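*Asks:* Predicted structure and sequence below. I'll ask about it afterward.
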Amino acid sequence: MLYESSSTGKTKCRVCERRCTIDRGKTGFCKARMNIEGRLHVLTYGDISSMSNNPIEKKPFFHFWPGSVALTVGSYGCNFTCP
């Protein structure tokens, strides 16, 4: 669902809007996903780069325990080109 394989061994990642076409043995722009034998693998699975408590109102939950907090966990991999 998150990638397409081609007969040439390349994969097209569909995780973000960049839609990277990744050759075998290479990573996408984010460096978090790699084409291994024509299949897209996540290299950062289980790695946590940030963790915080955020107000529940920042999450996509409508009227779910207003005023409470939600644990937010993030991993590595970025699709931006910040300097």
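*Replies:* In hand now; what should we look at? Numbers count the residues shown, from 1 in each chain.
*Asks:* Enumerate every residue touching G9.
*Replies:* Applying Cβ atoms under 8 Å, 6 or more residues apart in numbering, we find G9 in contact with D23, R24, N35, E37, G38. Glycine gets a C-beta too; all of them are placed from N, C-alpha and C.
*Asks:* again, only using 6 Å
*Replies:* Shown in contact with G9 (Cβ atoms under 6 Å, 6 or more residues apart in numbering): R24, G38.
*Asks:* In three-state terms, how would it be classified?
*Replies:* coil (DSSP: H, G, I helix; E, B strand; the rest coil).
*Asks:* mind checking how far it is from I22?
*Replies:* According to Cβ to Cβ, to the nearest Å, G9 stands 10 Å off from I22.
*Asks:* can you check K12 too?
*Replies:* Shown here: K12 relative to I22, a distance of 8 Å by Cβ to Cβ.
*Asks:* and the closest residue to N54 other than its chain neighbours, how many neighbours?
*Replies:* Leaving aside its sequence neighbours, N54 sits nearest to T72 (Cβ to Cβ, 6 or more residues apart in numbering; 4.9 Å). Counted by other Cβ atoms under 10 Å, the residues lying close to T72 total 12.
*Asks:* now do Y76
*Replies:* 13.
*Asks:* for it, what are its contacts?
*Replies:* Here Y76 is in contact with A32, T44, D47, S49 (Cβ under 6 Å, 6+ apart).
*Asks:* In the residues you listed, which residue is surrounded by the most others?
*Replies:* Neighbour-wise, the contacts of Y76 (other Cβ under 10 Å) top out at A32, 21 neighbours.
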